[in-house]
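**Q** need a structure here:
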Amino acid sequence: MDNRVYYGEYSLAYWIELILKKNIELPEYQRNFVWEETSFKTLIESWKNKQFIPPITIGSYKSDDGNKNLIIDGQQRLTSILLAYLDRFPKREAATGAVEILANDNDDASDDDEEENENMLEWTFREFLAKGKNKTEILLKCSSEHYKVLNLNLDEEFFQKNYLGFSYLVPANSDTSTQQKFFSTVFRNINIQGKSLYVLESRASLYFLNSGLKAWFNPDFCKEISSSIVDKSVKSRMDFVRYVSLLSQYKHTQKINVVAYRYARKMEGFYEKYIYSVVNDEDSDLFGKFTDIYIDKNYSERMTRLNEYIDQLKFRNYYSSIIDMDIYFFGLIYFVLFEKNEIDLTRKENLLETLKSQIKQIKGDAKHTKTPSLLKYLRERITKSISIYHIYKQA
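**A** This is a model prediction of the structure:
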């Protein structure tokens, strides 16, 4: 049986009902609500003026918990419908936090990144659904401090007599891995021509149906570890996929000179290959097989141990450069997660001094400091960090 696609349209009132009853839901990877109030109001005017509005794409996903209808494309439009119905718009204070970009090898952020981050809030319509099941319950918990009253003056007829189309995708195969690939491809292809995805969202679309791997690709502690970029007001969080992908290749090959070979200008492609290899448990030429290290993908014990070392070494920190962060973390992650060793904390002070000394030495090389993204410098940091932690691992 082939993949199937069904088409139709629902009234705005019915879309609201589907959202409130949670009959359609956002995958975790879906981007936050990025529209400003002007874009939102333009959409509402488009309905009033009977203009064309692109349809929503919903995907049917079968899991052990039953069938789910995932919003593959159209979150901004659906959120706007709900905001119009509630007559509220989130203020910046309504967001749980600003969206974080990832620390990169260049210690910088592009102008586009800065502009995007300025207007981006960590907010989705899930915030409304957590407040109640209907309009009355939700509005009771929408404080004026966090939500602005819009005064749109839309009556019930507006929601009942305006429509929004949809395409409903049903994969031919109910196998989790097959559905994962299908929906990831659809989502990413749709967004090639739409608003650019943030890196975390783009990567998460590769593994969102494998919830057990979320803590491997994006552990919580990364939110508390950041590195400097040009605009000091923008937070650049630790990119854990970067660390584990590079170290996976080193672990598999034991050759530092092949790490990220031929990926110097396309590192995101390297990270995606790694994510796919873990999700599908491939015996990858680049990275080996994830379950050769973690049987049944059970990594939680070692990740907990890494988290403990980060606390004990007081590494939940802001680092002035990606150089600092790499020296502190490459070796620690390698020995704790990949070699499953313990670190000798009785010599903690000596370890910290050795790490600081190595960072100072590297920063004495002006070329390295100016262009830390060059593979030869990245490999140097990996090698030196691993060498240091090798001395301080327990026998």
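**Q** ranges for the helices of the stretch 201-350 of the chain?
**A** For the stretch 201-350 of the chain, helices defined by DSSP state H, counting those that start in this stretch occupy the ranges 214-217, 240-253, 267-279, 290-293, 300-312, 322-333, 348-363.
**Q** which stretches of the protein have low pLDDT?
**A** Within the chain, the stretches with pLDDT under 70 are 1, 28-31, 34, 93-102, 104-122, 187-202, 205, 208-209, 228-235.
**Q** Strands of that one, start to end?
**A** Counting by DSSP state E, the chain has strands at residues 4-11, 56-63, 66-73, 88-90, 101-102, 147-149, 163-170, 226-227, 236-237, 318-319.
**Q** Make TSV out of those strands and add mean neighbour count and distance to residue 213.
**A** Placement of C-beta: from N, CA and C, glycine included. Formatted as TSV, those follow (neighbours: other Cβ atoms under 10 Å; distance: least, Cβ to Cβ, whole Å):
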stretch	mean neighbour count	distance to residue 213
strand 4-11	12	28
strand 56-63	19	15
strand 66-73	17	17
strand 88-90	21	30
strand 101-102	22	18
strand 147-149	16	34
strand 163-170	17	23
strand 226-227	22	23
strand 236-237	22	19
strand 318-319	18	26
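**Q** Need these in JSON lines (columns: distance to residue 19).
**A** Compiled in JSON lines, these are given as follows (distance: least, Cβ to Cβ, whole Å):
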{"stretch": "strand 4-11", "distance to residue 19": "11"}
{"stretch": "strand 56-63", "distance to residue 19": "11"}
{"stretch": "strand 66-73", "distance to residue 19": "9"}
{"stretch": "strand 88-90", "distance to residue 19": "14"}
{"stretch": "strand 101-102", "distance to residue 19": "29"}
{"stretch": "strand 147-149", "distance to residue 19": "17"}
{"stretch": "strand 163-170", "distance to residue 19": "12"}
{"stretch": "strand 226-227", "distance to residue 19": "34"}
{"stretch": "strand 236-237", "distance to residue 19": "30"}
{"stretch": "strand 318-319", "distance to residue 19": "38"}
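**Q** Of all those, which one is nearest residue 37?
**A** The closest of the strands of the chain to residue 37 is strand 88-90. By Cβ to Cβ, the value is 5.6 Å.
**Q** Could you pull out the helices in the stretch 1-150 of the chain for me?
**A** Under DSSP H, counting those that start in this stretch, the stretch 1-150 of the chain gives helices at 12-20, 37-48, 75-86, 111-119, 126-129, 135-140.
**Q** For the first one, name the packing helices and strands.
**A** If contacts are counted by 3 or more Cβ pairs under 8 Å, 6 or more residues apart in numbering; DSSP states H and E, helix 12-20 sits against helix 75-86, helix 156-161, strand 163-170.
**Q** residue contacts, the residue nearest to residue 336 when sequence neighbours are not counted?
**A** Excluding its sequence neighbours, the residue lying closest to residue 336 (Cβ to Cβ, 6 or more residues apart in numbering) is residue 306, at 4.6 Å. Residues counted as contacts of residue 306 (Cβ atoms under 8 Å, 6 or more residues apart in numbering) are 332, 333, 336, 337.
**Q** hmm, try it at 7 Å
**A** Neighbouring residues of residue 306 by Cβ atoms under 7 Å, 6 or more residues apart in numbering: 333, 336, 337.
**Q** repeat for residue 316
**A** By Cβ under 7 Å, 6+ apart, the neighbours of residue 316 are 221, 224, 225, 310.
**Q** tally of neighbours for the third one?
**A** Residues contacting residue 225 under the criterion other Cβ atoms under 10 Å number 21.
**Q** Share the number of residues neighbouring the closest residue to residue 288 other than its chain neighbours, please.
**A** Counting by Cβ to Cβ, 6+ apart, residue 288 lies nearest to residue 252, which is 3.6 Å off, once chain neighbours are set aside. Using other Cβ under 10 Å, residue 252 has 20 other residues around it.
**Q** what does the one 3 residues further on give?
**A** Counted by other Cβ under 10 Å, the residues lying close to residue 255 total 10.
**Q** Report the separation between residue 275 and residue 255.
**A** Using Cβ to Cβ, to the nearest Å, one gets 22 Å for the distance from residue 275 to residue 255.
**Q** Residue 380 too?
**A** From residue 380 across to residue 255, the span is 14 Å (Cβ to Cβ).
**Q** do the same with residue 6
**A** 51 Å.
**Q** Now flag whichever of the contacts of residue 316 is closest to residue 24.
**A** residue 221 (32.3 Å).
**Q** Pull the contacting residues for the residue lying closest to residue 7 once chain neighbours are set aside.
**A** Leaving aside its chain neighbours, residue 7 sits nearest to residue 167 (5.5 Å; criterion: Cβ to Cβ, 6+ apart). With contact set as Cβ under 7 Å, 6+ apart, residue 167 has these partners: 5, 7, 55, 57.
**Q** Next: residue 3.
**A** Contacts for residue 3 (Cβ under 7 Å, 6+ apart) come out as 169, 170, 171, 172, 182.
**Q** Which entries within the contacts of residue 306 meet the buried criterion?
**A** 333, 336, 337 (16 or more other Cβ atoms under 10 Å).
**Q** any chance of those in TSV, plus distance to residue 20?
**A** Putting the buried ones among the contacts of residue 306 into TSV (distance: Cβ to Cβ, whole Å) gives the following:
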residue	distance to residue 20
333	43
336	45
337	42
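**Q** Which one of those residues is nearest to residue 350?
**A** Nearest to residue 350 among the buried ones among the contacts of residue 306: residue 336, at 18.2 Å, using Cβ to Cβ.
**Q** okay but the closest one is in contact with residue 309, surely?
**A** Yes: at 6.1 Å, residue 336 counts as touching residue 309 under the criterion of Cβ atoms under 7 Å.
**Q** what's the neighbour count on the residue lying closest to residue 289 once chain neighbours are set aside?
**A** Distances taken as Cβ to Cβ, 6+ apart place residue 283 nearest to residue 289, at 4.5 Å, with adjacent residues excluded. For residue 283, the neighbour count with other Cβ under 10 Å is 12.
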